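Predicted model and sequence follow; I will ask about them next.
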Amino acid sequence: MTASRTITVTVNGRRYERTVEPRLLLADFLRHTLGLTGTHVGCEHGVCGACTVIVDGDSVRACLMFAVQLDGRTIETVEGLGGPGKLNALQEAFRAHHALQCGFCTPGMLMTATDLLRKRPLATDDEIRDGLSGNLCRCTGYEHIVKAIRAVVGPAPSGTAANAATDD
Amino acid sequence: MTDAAHLRPKMIGASVPRTEDARLLTGRGAFVDDRKLPDALHVAFVRSIHPHARIRAIDATRALAAPGVAAVYTAADLEDVVPPIRATSRMSGYYATPILPLALGKVRYVGEPVVAILAESRYLAEDALELVEIDYEALPMAIDPETAARPDAPLLHEAAGTNILLTREFKRGDAEGDIAMAPVRVKGRFRMRRRTPAAIEVRACAADYDAGRDALTLYAATQIPGILRDALAQIFDLPGHRLRVVAPDVGGGFGGKASLYPEEILTCLAARQLGRAVKWTGDRVEDLTATSQAFDEIIDAELAVDSQGRVLGLTADAIGDVGAYSIYPWTAALEPVQVVSFLPGPYRVPSYRGRVRAVATPKAPTGPYRGVGRPVSTFVIERLMDMAAREIGIDPLEIRRRNLVADDEFPYKVASGLVWDKSGFHACLEQACAAIGYDALRARQAEARAAGRWFGIGIASYAELTGIGSRISAAPGMPINTGTETASIRIDSTGAVTAAFGVAAHGQGLETTLAQVVAEHLGARLADIRIVQGDSDAVGGGTGTYASRSTVLAGGAAIRAADGLREKVLQVASHLLEAAPRDLVAADGRVTVVGTDRSVTFREVARAVYAEMGRLPPEAREELAVTRNYDPILGTTSCATHIAALEIDPQTYIVRIERYVVAEDCGRIINPLIVDGQVHGGVAQGIGAALYEEVIHDENGQILTGSFVDYVVPAAGDIPPIEVVHVESMSPTTLGGFRGMGEGGTIGAPAAIANAVADALAPLGVDVFELPVTPARLFRLIANAQARS
Ligand code: FES
Ligand code: FES
């Protein structure tokens, strides 16, 4: 086992200096070293997306990175979005459209969506679904998640939205 | 109810946003692994690599000496400490397998826990796993359930004397005779492959031990904290008040967290023996290999109809591959027996014979999974209906119109003994057709077909029993009562309302919907109500959330308790307002004298009772608390029709679902948005069962689907938009008129898709008898059909 290393990271705008084992996963570092348990772990092999966080502006899987790779870098997690009394627009849309049930996939969904909203036009619902393809949700059937993101982006140009469901 | 009841704001029926959401959207949820227990040890399990083997010796000395390791357990260490627990039942000829936390003497499936290692961190515990040496002697085995059912098959449980853990039969009339005489017969050998619930949160538990009181609190990702408490109390011989099971935020269950697991027993045992908190966080490999699995039946079924398509008789012989153990508390009967008891479906079936054998094989045990048995029975009967319609040349819609139990025939006794109460069988069928534009869709299909495209439409109608009361059980004489629920509602000295239940939500939003029921019946403000659930200490006896029971049972109990408490509140307010209780109305957290502006708040009522000396006569100072039970005795019927329209890509064999409509009757709706969400999620899982998901074992008993790469859970692009139509007919049998609806989506979807795929490929002469129809299976089906023609 290699010796522990001291790293400095900025998480949600706050600087942390911690000494960690080289093999410590970023997900475990966030959850157990920093106590930021909003980032969830659903598979530990990079498929489910529950652990998605944003590192230096790009979404990554926290179960596939080691904490030591983050030295000097900037991380955004779900705790950095709006707080319980002051949800941001995306969180508000998730709530209004019932885009979460058990809420376990939700932090990963929110971080993926945050990244998508910054980078992609999301002109069609298919584009939203495509953007979410690396995040598994077992509860919602995705429909309300797509709607919530659509609500934040604004209406799709006519003719491109998928079939309207009955509960609008 | 007072005359002025109509003044109360309507909470039942409103799409109020969920109470749960604020914490879950901000990373402030509290799932089991989020909990930090001081000085906790972490446990990791060495699991069997053999499907069936004798354990000759275990050498854990090197593991015990590894850094950070505090203790190692094998079955030998537990023999006098942990008695086996069994899922008992009165079913004749049933063998209840002993369940132990660690394999004793031999292993019976790949993934079965054999050795537990406790260390200072999860990393260190996992490091030590590979230092354990286990000397196995591989034993012969029958991985295939039909082989395992033969008398000469190697036995998994020698004490049982057979691998057939139970057999059951349902019979009405002379089905064989009726079929033999019938003009039209269709039959097939149907197979629904094994699947797994795959909640995104994997199972986890953490035992906190209070040595001073010799008391244990188990935090568990479970749907059944009450059942766990009772089972663990029995195993450890502890009184219930020293053993508490808390299911905090739970990341989905779908049945996979609705049984007692070896890891939970071991974690509790180790915490008590070592005097420290012990935590287990499973990983996805453990989940895919050792969480209860589902389905896995082979069904030979035959349906006879007359020349008009009216059902004359039905027979079925089913083999359920239940895996290695009879799961606690449900028994191995749960899934396969429901397949045959629900097989007649929502149809008039005059004569029926259904027989099932539950066969033990060296695989993870099957257990409850969303829909239990009914996704399979619906697949079979709905396929047979379509085959019969095709045989006599009528539309699949028409054969259902002719056979669905009619509105004036309820209550209808099903051939297997179940009773359907009045619900919208025909209304669902017609409204689903209207919503999807059935005739226009058929016209489009004709065009697509003419162009050589594989475009299909599939209908599935089903009925299910939900909110089941104490008169019906998954297995007769099983060790728990699933039919009763308790609500305990209290107004405290600040006027706040706390309502406690034995249910345990894991995504259903019960903190919101039950608060809606309490708010409406008590007359309290939604914001003032806190729902306590997912905690064995909440009420004296509870089980949890499974089997689409919580809305019906907890909703009914909430109505009874809230009505009772409202009477108490009015009684006190009548002293304060000097008015007769019948002239008072409670709404929005305030009691008002009807027709006046004189009122008191719940808070003032509470202060008068608890805090203000002399404000009330002593006999009027009763605690503002009421506890009531509710038992719907039989339960109630929920039903739906699903229609899918899909197209198969002739190059890739990928199925693209173009439209998906559900018309469902779940009775009176408490929160429409939540109902839609449940339907969407259920359908998505049904689509998974129809097209993608399959637990695969090779002929050596090794599991090939141990990751999310190999076990395919549908992603956003695989699930179409789902249109939901609510046929809201009040249940005639339940308090509040609610019907259960958490599972239905998963029941209808596999059948609807199977029928649509068969319909798309009808011109090729392809039929669908096996799910999931993965592209590989479709390729083979089509290639075989083309070779034949
Ligand atoms: S936990 Fe990282 S992708 Fe699943
Ligand atoms: S809300 Fe439960 S997994 Fe997405």
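Received the coordinates, thanks. Numbering: from 1, shown residues only, chains lettered A, B, ... in the order given. Ligands and ions are numbered 1, 2, ... in the order given.

correct me, but B:Arg23 touches A:Gly83?
No - using Cβ atoms under 8 Å, B:Arg23 is not in contact with A:Gly83; the gap is 10.3 Å. From N, CA and C alone the C-beta is placed, and that goes for glycine too.

what's the spacing between B:Phe170 and B:Glu335?
15 Å (Cβ to Cβ, to the nearest Å).

So which residues on chain A come close to ligand 2?
A:100-106, A:137-140 (Cβ under 6 Å from any ligand atom).

Number of residues surrounding the spatially closest residue to B:Gly667 that is not a sequence neighbour?
Leaving aside its chain neighbours, B:Gly667 sits nearest to B:Arg739 (3.3 Å; criterion: Cβ to Cβ, 6 or more residues apart in numbering or on different chains). By other Cβ atoms under 10 Å in any protein chain shown, the residues close to B:Arg739 number 32.

try B:Lys413
Neighbours of B:Lys413 under the rule other Cβ under 10 Å: 12.

what pairs with it across the strands?
B:Val419 (DSSP bridges).

shaky segments in the stretch 1-150 of chain B?
B:1-9 (pLDDT under 70).

Give the helix, strand or coil label for the closest residue to chain A within it.
Ranking the residues of the stretch 1-150 of chain B by distance to chain A (Cβ to the nearest Cβ) places B:Gly27 first, at 1.8 Å. Reduced to three states with DSSP: H, G, I helix; E, B strand; the rest coil, the structure at B:Gly27 is coil.

now B:Ile298
strand.

can you confirm B:Leu465 is in a strand?
Yes - counting by three-state DSSP, B:Leu465 falls inside a strand.

what's the nearest residue to it if we skip its chain neighbours?
Counting by Cβ to Cβ, 6+ apart, B:Leu465 lies nearest to B:Gly635, which is 4.9 Å off, once chain neighbours are set aside.

pLDDT weak spots in chain B?
B:1-9.

Contacts only, for the residue of it found nearest ligand 2.
Closest residue of chain B to ligand 2, Cβ to the nearest ligand atom: B:Ile200 (4.0 Å). B:Ile200 makes contact with A:40, A:42, A:48, A:50, A:102, A:104-105, A:136-139, B:251-252 under the criterion Cβ atoms under 8 Å, 6 or more residues apart in numbering or on different chains.

Where does it sit: helix, strand or coil?
Per three-state DSSP, B:Ile200 ends up coil.

which one among the residues of chain A next to ligand 2 gets closest to B:Asp767?
Distance to B:Asp767, by Cβ to Cβ, is smallest for A:Arg138 among the residues of chain A next to ligand 2, at 30.5 Å.

quick one: that closest one from B:Ile719, how far?
11 Å.

neighbour-wise, which of those two wins?
A:Arg138 (29 against 24).

helix/strand/coil for the more buried one?
coil.

Report the contact partners of the residue nearest to B:Leu465.
B:Gly635 neighbours (Cβ under 8 Å, 6+ apart): B:465-469, B:472, B:483, B:552, B:733-734, B:740.

cool, B:Tyr325 as well?
B:97, B:99, B:108, B:332, B:360, B:365.

tell me which residues form a beta bridge with the fifth one?
Listed beta-bridge partners, B:Ala360: B:Gly323 (assigned using DSSP bridges).

State the number of residues packed around it.
Other residues lying near B:Ala360 total 29 when counted by other Cβ under 10 Å.

Is it in contact with B:Ala324, as I believe?
Yes - shown here, B:Ala360 and B:Ala324 form a contact pair, counting by Cβ under 8 Å, at 6.2 Å.

B:Phe295 is in contact with B:Gly688, isn't it?
No - look at B:Phe295 against B:Gly688 with Cβ under 8 Å: they stay out of range, at 11.5 Å.

neighbour count winner among those two?
B:Phe295 (29 against 24).

I'd like to know how far the more buried one sits from chain A.
Separation of B:Phe295 from chain A (Cβ to the nearest Cβ, to the nearest Å): 17 Å.

Pull the contacting residues for that residue.
B:192-195, B:335, B:366, B:369, B:375-376, B:689.

Just the ones of those residues in helices?
B:335, B:375-376 (DSSP state H).

Overlap of the contact sets of B:Phe295 and B:Gly688?
B:Arg195.

Domain boundaries for the chain, per the record?
Answering for chain A, as no chain was given. A:5-80, A:89-161 (automatic domain parsing).

not what I meant, chain B
Per the record, chain B has its domains at B:3-29+B:484-630, B:32-139+B:202-250+B:257-290, B:297-471+B:633-788, by automatic domain parsing.

Mind putting the ones you listed into TSV with distance to B:Pro154?
What follows is the domains of chain B, written out as TSV (distance: least, Cβ to Cβ, whole Å):
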stretch	distance to B:Pro154
domain B:3-29+B:484-630	34
domain B:32-139+B:202-250+B:257-290	7
domain B:297-471+B:633-788	9
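
Give me whichever of those is most buried.
domain B:297-471+B:633-788 (a mean of 23; mean count of other Cβ atoms under 10 Å in any protein chain shown).

and residue 82, what does it touch?
All of this is about chain A. Contacts here follow Cβ under 8 Å, 6+ apart; on that basis A:Gly82 touches A:88, A:91-92, B:25-26.

I was thinking of chain B, sorry if that wasn't clear
B:100-101, B:235, B:265, B:269.

just A:Arg73 next, same as before
A:9-10, A:55-56.

same thing but at 10 Å, please
The contact partners of A:Arg73, taken as Cβ atoms under 10 Å, 6 or more residues apart in numbering or on different chains, are A:7-11, A:55-56, A:65.

Same question for B:Thr147.
Residues near B:Thr147 by Cβ under 10 Å, 6+ apart: B:141, B:153-154, B:163, B:359, B:361.

longest helix of chain B?
Longest helix in chain B, counting by DSSP H: helix B:550-577.

roughly how far out does the next helix-or-strand element following that one sit from the chain middle?
Per DSSP states H and E, the first helix or strand lying C-terminal to helix B:550-577 is strand B:584-587. Strand B:584-587 sits 38 Å away from the centroid of its parent chain (Cα atoms, centre = their mean, to the nearest Å).

Sheet-wise, list the partners of strand B:584-587 with their directions.
By DSSP bridges, strand B:584-587 pairs with strand B:590-593 (antiparallel).

contacts for the partner strand?
With Cβ under 10 Å, 6+ apart as the criterion, strand B:590-593 contacts B:4, B:7, B:523-525, B:566, B:569-570, B:572-574, B:576-581, B:583-586, B:598-605.

Just the CA atoms of that strand, as CSV, please.
Taking C-alpha atoms only, strand B:590-593 is exported to CSV below (Å, rounded to 0.1, in the frame of the first residue of the first chain):
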residue,chain,number,x,y,z
ARG,B,590,-58.9,25.5,13.4
VAL,B,591,-62.2,24.7,15.0
THR,B,592,-65.0,27.1,14.1
VAL,B,593,-68.6,27.5,15.3
